Every structure is written in C-alpha cells, then in structure tokens.
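Asks: the following comprises the amino acid sequence and a computationally predicted model.
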Number of protein chains: 2
Amino acid sequence: MRIDGLQYCNWSEKVFRQMREGGVDAVHVTVAYHENFRETVLNLERWNRWFERYPDLILKGLTAADIDRARGTDRTAIFFGFQNPSPIEDDIGLVEIVHALGARFMQLTYNNQSLLATGCYEAEDTGITRMGREVIREMNRVGLVVDMSHSADRSTIEAAELSERPIAITHANPYSWHPALRNKRHDVIEAVTERGGMLGFSLYPHHLNGGSACTLEDFCAMIARTAERYGARHLGIGSDLCQDQPDGVVEWMRTGRWTKGVEYGEGSADAPGFPPMPGWFRDNRDFGTIEEGLRAVGFRDDEVHGLMGGNWYRFFSENFGPGGT
Amino acid sequence: MRIDGLQYCNWSEKVFRQMREGGVDAVHVTVAYHENFRETVLNLERWNRWFERYPDLILKGLTAADIDRARGTDRTAIFFGFQNPSPIEDDIGLVEIVHALGARFMQLTYNNQSLLATGCYEAEDTGITRMGREVIREMNRVGLVVDMSHSADRSTIEAAELSERPIAITHANPYSWHPALRNKRHDVIEAVTERGGMLGFSLYPHHLNGGSACTLEDFCAMIARTAERYGARHLGIGSDLCQDQPDGVVEWMRTGRWTKGVEYGEGSADAPGFPPMPGWFRDNRDFGTIEEGLRAVGFRDDEVHGLMGGNWYRFFSENFGPGGT
C-alpha cells in the first residue's frame, strides 16, 4: 500500500498516470493555500471535472474504505486538504460545511499568524487563539484532521494537547536532521506522535539535508532514526510534491494577498522558484525507490508497509468520521 | 463643534434628528463588526439609502471639509469605520478599496486575535503580525486610520510605534479610573498620544466607574486628570453609543461567527444585554450636558472646544488623505 500525505501538483492526466505507474493508492492533495471559501469551492469544481474526465485513474476519497475501492480498481483515491484555514474564513460553521464537501485535513496556519494559531514565519508564537480552541473542538467533532505542518512550535504542541483526536504534520522532517524553519523540533514531533498523531516525511528539497543533492540513503537513514525515537507506526510519507507548477504558484504560496512586497519563503532572491527534486524522487513514479531505500536501511516488511502507506491508512480510517464515543 | 469618535446605533430618522438636536456635527459610525468585504458593502448600501432618504439631516463624510459643509447646512457628517479588519479579509489590496468606499478608521482587532494583531480578550499578545506590519504601512499610505480600541496592550503600543501616522483609540477610558479589560493602561495611552494620536472617552457603561450609575462629575473629573497627564489636545469623545439596538446585536458583536458557544463579553449571564446608559447621557441630545460638565471641572473654553470636537476635527483633517510628503 502506498499513500502520500501531501501533494500540490499542477494536476493533469500525465500526473494521474504517473500515480498509477508508481502504485500510489491514495494522496492527500492541497485544494487551498490562501483561497477563501468561494475560491476553494471553485477548486473543488475543478476536481469534480477531473473525477468525471478520468474515472479510470482517480476517485474522490472520503473514508479509508475509498482507498480499498481504489486499490480494487487500480485507481488513486484523492483526499482533499487545506494548507491554511482561509477556506473557513472567520466562520466556525464552515468547518462542517467543508467536511461535507470532502475536506479531511486543515492546517491551522500557513506560515503567518492566522485567526487560529501562529505560523512558523512569525517572530513569536502565542499558541492557539480563542477561536482556534473552538475550531479544534469542531474539527474533532466532524472529523477534519488538524494539520500543523506550517505552524510554529508552541502552536503545534498546544494543538496536539487541546485536540481530543490525533493531529498530523503531513509534510516536514526533523529539525535535528536539517535545521530548516519548516522542519520540526523534538518536542513538537514528540507531542504529536505520543498522542497517536502522524509525521509525513517531506521530499521538498528545502526540507532535505543537502537540498536537491540529498541522497536516498541519507533520507532513509533519517527515517530510521526517527522511527527509533518516536515509533515507526506514527510515520509516513508526505512528499510535498509540487510537480509541473509554474513559479508563479510558489509566489502565490508565499505572498497570497497579505503583502504587496516580494517574499522568498524558503527560497531566495537568487533562487526564487521551485527547487529541482532529488534525482531519486522525480515524481509519483519513484515511490518504489523509497520503498527499496527503506528496506536497505534495515526496516522489516511490516514497518515498510506501514511507512509507505499502512500508517496513513490506519490514521485515515480512525480520524475522518464523526468524533465522540 | 461637536464630533463623536464612535457610535453604533440602530440608525433611524429618530436618531438622526437627535443628532441635530444635540448639535452633533460629525460622527464616526461603525459599518462592520465581523462582516466580510461583501457584507460590509451591503452595510454601505444601507447608508447610501439613508443619505438619499434624509438629505436634510445627514451627509457622507470623507474629509474634514465635509464637517464644515455639514455645519454650514445644519446636518451631521457620517464617517465610516470598522471595529475589526474582517472587511479586508486576508487581502491587503482591499485597504485601498475600502478607503475609496469611504472607510476612514479600521480597528486592527476586535476582541480576538486577528490576522493583524491581538485583541484584548486573548490570553497573550504577540503584537503586530507579519501581515499587520504590511497593512499598517498600506493604511498609512491611503489614509485609513489605525484604531486600537479593542486591541491588547502590546499590539497597541507596537501599532503606535510602527505607524508613520498617528493612530487612535476611538472609544475607551483610562484603566486607572475603571479597571475594565477594554480600558487602557498608562503606557498604552502614552504611546498613542505622544505620537499625535487620539483617545476618545467612552460612555458605554461597562467602561465607566460605577457603570450606569457613574456621575457626570466623576466622568469629567477623569477627563481633567487625563488631560493633565497626556494633554487635552489628544482627547475627545467616543461615546460608543449603541442606541436602540436589540440584544441580538450585542450577541453578534461578541460571538460573530468564531464560536458556537455563548460569550458574555463585558456583560454576564445575569445581564447579557446592553446596559442602560447613565441618566445624564441618554443619547445624542445630551452632548451639551457633557460640555457643561467639562466647564464645571475647570476646562477653559478652547479646551472644551477641543475636547467636544475640535481635536477630532484636526485629527480628521490630517489623517484621512494620502500619506507621504
């Protein structure tokens, strides 16, 4: 089983076919960066057209059972998520609405302060806001997973503590391996995983030791160390693959509508665009390579199965339905 | 000259006639609490209908010259403002748009954390956010005044420091007089007034020493002490008059769409609605009573003129147009 915890590609038949070639059973795809509710609905309409146009390649995923259905019919199940709470605007009532529309993950912040929590690019972090506490409770109730990939440390730890259900960092790596602002410190990973939450390892070059030159061996050895520390069952892949995106998209990701200036995020003035992927992970076709890499660093079969998708499958199956006993 | 720095009435011909009876030349009126951009435009449409229907009582105010025009024709100039940055949503481009539509004040927060700053009801305050810094610069450029009436202390002080133009606390009183969460501590008032900013004294009972039972003498003596400390020229009235509003409106003010629970704000479960106004300030008809009260505590004529409206007039004339030299 292969499940990717996050992708944001420029979707096309080519990408969907590569998912099949790579044996990818399910992907959590980003349907909003800074989009408001109405704009997010437009993005969902685009997905509806793709589902209608490529019924032999993809299907809409709402529960883990849809992954079984995808596997049984040689397709990829697409699960929706937001990298920012902008789709719910300032309205807690939209949490249930976006869940009904298929959203299954929502980051409480992108890089900046949101109405709910603090993003990792702010100078300081006050944790979960008044509205954030209310929204986490509502997300728990309906089955919309709290994702803290781009949030600041304290906000992430508080979210893990406040949430009655496990939360996720869908795409990031340990800070101890590569000290990028977006990678996660020990306390953060521990707070998430010890409560049943998940960490998806990112293949976005800015999150990799050595960037685009990072080796498969180094990446997999890092996963092995992380598994030793936090338990392999709380780990998966969240590739952060942004295939075929024009550089204008990374500008949108970084600046949204919050500034009139230029922001380089994890890039720089010299290298403002998307960085090239490592040679051993070009795109969806290369999930098998990662699987081989995991075996090579000594993971057992059951661990490899979990890391490549089994753990996300379990997490999806437990967290996408209504909460409560 | 009489100018009120903030009102949020249930507007009607009755209220507009009382403004004339009280000799009120200009009022900053709230056109958005939690409304998003489109909803704010609906509120502006309502005002357009009132301007069309009551041309002998009110006119739309855009610059201080409109106050002169109102005085010359025995009318009240209405200036628009927001108690929350919700009308600009997450879009800095909307700052110039709302200014073009007539907005002249925008609070960077209501009681909660916003995308720009921290509200006075949050447990902690990290000051102005990344987006907040950008938006303050844009507000300075177009001539939209930063209002921090409902913001937390650090956020307010940082806003005063970051803003290249004076800012306002349109409606609040000194915390030292009445320790309400919404009233302002010394450091905050000092940071605002020493940079040319304004404090408007509130008549909302929860902001008054003794609440609805507060005496005119006590209120005016407080103004005298505040003038001694910060200079009378930085002070005015911001009555926060919420005349004729049903209690459902105070629920909207407190809870907006951010919680599914009940919030009592400055009220309580026993007294959830709007509190009764003090007998000496029922509504717009009683501005003359305050003027008498100010004389009674020893203010000179020029000071009374400034406190009752002259100071706001100067502030409006300097801060509603484009910035820069």
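Replies: Yep, that arrived. Numbers count the residues shown, from 1 in each chain, chains lettered A, B, ... in the order given.
Asks: make it CA atoms for all contacts and neighbour counts henceforth
Replies: OK.
Asks: what about residue A:296, neighbour count?
Replies: Burial of residue A:296 is recorded as 13 neighbouring residues (other Cα atoms under 10 Å in any protein chain shown).
Asks: then residue A:256?
Replies: 18.
Asks: next: residue A:187.
Replies: 12.
Asks: contacts for the helix or strand that contains it?
Replies: Assigning secondary structure by DSSP states H and E places residue A:187 in helix A:186-193. Contact with helix A:186-193 is made by A:153-154, A:156-157, A:160-161, A:166-169, A:174-176, A:198-199, A:230, A:234, as judged by Cα atoms under 8 Å, 6 or more residues apart in numbering or on different chains.
Asks: point me to the residue of the stretch 51-200 of chain A nearest chain B.
Replies: As assessed by Cα to the nearest Cα, chain B sits closest to residue A:91 within the stretch 51-200 of chain A, at 4.6 Å.
Asks: does that residue touch residue B:257 like I think?
Replies: Yes - counting by Cα atoms under 8 Å, residue A:91 does reach residue B:257; the two are 4.6 Å apart.
Asks: who touches the following helix or strand past the helix holding residue A:187?
Replies: Following helix A:186-193 in sequence order, the next helix or strand is strand A:198-201 (DSSP H and E). Applying Cα under 8 Å, 6+ apart, the contact partners of strand A:198-201 are A:5, A:166-173, A:189, A:192-193, A:223, A:234-239, A:312, A:315.
Asks: tell me which other helices or strands the helix or strand residue A:59 falls within touches.
Replies: Assigned by DSSP H and E, residue A:59 belongs to strand A:58-60. Contact analysis of strand A:58-60 by 3 or more Cα pairs under 8 Å, 6 or more residues apart in numbering or on different chains; DSSP states H and E lists helix A:37-53, helix A:65-72, strand A:76-82 as its packing neighbours.
Asks: winner for burial among those?
Replies: Of all these, strand A:76-82 carries the top mean neighbour count, a mean of 26, counting by mean count of other Cα atoms under 10 Å in any protein chain shown.
Asks: what strands flank it, and is each parallel or antiparallel?
Replies: strand A:26-32 (parallel), strand A:58-60 (parallel), strand A:103-107 (parallel) (DSSP bridges).
Asks: most packed of those?
Replies: strand A:103-107 comes out most buried of the strands paired with strand A:76-82 by mean count of other Cα under 10 Å, with a mean of 28.
Asks: which positions in the stretch 101-250 of chain A make contact with chain B?
Replies: Contact residues, the stretch 101-250 of chain A versus chain B (Cα under 8 Å from any Cα of the partner chain): A:112-116, A:122, A:124-126, A:129-131, A:134-135.
Asks: the same query, at a cut-off of 7 Å, please.
Replies: Within the stretch 101-250 of chain A, the positions lying close to chain B (Cα under 7 Å from any Cα of the partner chain) are A:112, A:113, A:114, A:115, A:122, A:124, A:125, A:126, A:129, A:130, A:131, A:134.
Asks: if you rank the residues you listed by neighbours, which is first?
Replies: residue A:113 (31 neighbours).
Asks: ok, now which ones touch residue A:297?
Replies: A:220, A:221 (Cα atoms under 7 Å, 6 or more residues apart in numbering or on different chains).
Asks: distance of it relative to residue A:134?
Replies: 43 Å (Cα to Cα, to the nearest Å).
Asks: can you check residue A:304 too?
Replies: For residue A:304, the distance to residue A:134 - Cα to Cα - is 37 Å.
Asks: which single residue of the stretch 151-300 of chain A approaches chain B most closely?
Replies: Counting by Cα to the nearest Cα, the stretch 151-300 of chain A gets nearest to chain B through residue A:257 (4.6 Å).
Asks: wasn't that residue part of a helix?
Replies: No - Residue A:257 sits outside any helix when classified using DSSP: H, G, I helix; E, B strand; the rest coil, being coil.
Asks: next, the angle from the worst-scoring helix or strand of chain A on mean pLDDT to strand A:26-32.
Replies: For chain A, the helix or strand with the lowest mean confidence is helix A:247-255, at a mean of 89 (criterion: mean pLDDT, DSSP states H and E). Angle of helix A:247-255 versus strand A:26-32, following axes from the mean of the first three to the mean of the last three Cα atoms, to 10 degrees, is 70 degrees.
Asks: chain center to helix A:247-255, what's the gap?
Replies: Taking the mean of its C-alpha atoms, helix A:247-255 sits 18 Å from the chain's own mean (Cα atoms, centre = their mean, to the nearest Å).
Asks: next one: stretch A:174-189
Replies: Distance, centroid of stretch A:174-189 to centroid of chain: 16 Å (Cα atoms, centre = their mean).
Asks: next, count neighbours for residue A:14.
Replies: 9.
Asks: what do you get for the one 5 residues further on?
Replies: If you count neighbours by other Cα under 10 Å, residue A:19 ends up with 24.
Asks: which residues does it contact?
Replies: A:284, A:285 are the contacts of residue A:19 under Cα under 7 Å, 6+ apart.
Asks: one more time with 6 Å, if that's ok
Replies: residue A:284 (Cα atoms under 6 Å, 6 or more residues apart in numbering or on different chains).
Asks: and for the one 5 residues further on?
Replies: With contact taken as Cα under 6 Å, 6+ apart, residue A:24 is in contact with A:2, A:3.
Asks: how much space separates it from residue A:73?
Replies: 12 Å.
Asks: for stretch A:305-323, what is the distance to the chain centroid?
Replies: 13 Å.
Asks: end-to-end on it?
Replies: 27 Å.
Asks: what does it contact?
Replies: A:1, A:2, A:3, A:64, A:140, A:141, A:142, A:143, A:233, A:235, A:236.
Asks: now, the residues you listed that are in helices?
Replies: A:140, A:141, A:142 (DSSP state H).
Asks: can you tell me how far residue A:270 is from residue A:181?
Replies: Counting by Cα to Cα - residue A:270 and residue A:181 are separated by 19 Å.
Asks: and these two? Which one has more around it.
Replies: More crowded of residue A:270 and residue A:181, by other Cα under 10 Å: residue A:181, with 18 against 7.
Asks: what pLDDT does the more buried one get?
Replies: Note for residue A:181: predicted pLDDT of 94.
Asks: OK, contacts around the nearest residue to it once chain neighbours are set aside?
Replies: Using Cα to Cα, 6 or more residues apart in numbering or on different chains and skipping the chain neighbours, the partner closest in space to residue A:181 is residue A:120 (6.8 Å). Residue A:120 is in contact with A:111, A:150, A:151, A:152, counting by Cα under 6 Å, 6+ apart.
Asks: what's the pLDDT at residue A:120?
Replies: According to the model, residue A:120 scores 96 on pLDDT.
Asks: before we move on, what about the one 4 residues further on?
Replies: Listed pLDDT for residue A:124 reads 95.
Asks: can you tell me how far the residue nearest to residue A:265 when sequence neighbours are not counted is from residue B:65?
Replies: Closest residue in space to residue A:265, ignoring its immediate chain neighbours: residue A:254 at 6.0 Å, by Cα to Cα, 6+ apart. Note on residue A:254: its distance to residue B:65, by Cα to Cα, is 42 Å.
Asks: ok, now residue A:280?
Replies: 68 Å.
Asks: show me what contacts residue A:145?
Replies: With Cα under 6 Å, 6+ apart, residue A:145 has these contacts: A:104, A:105.
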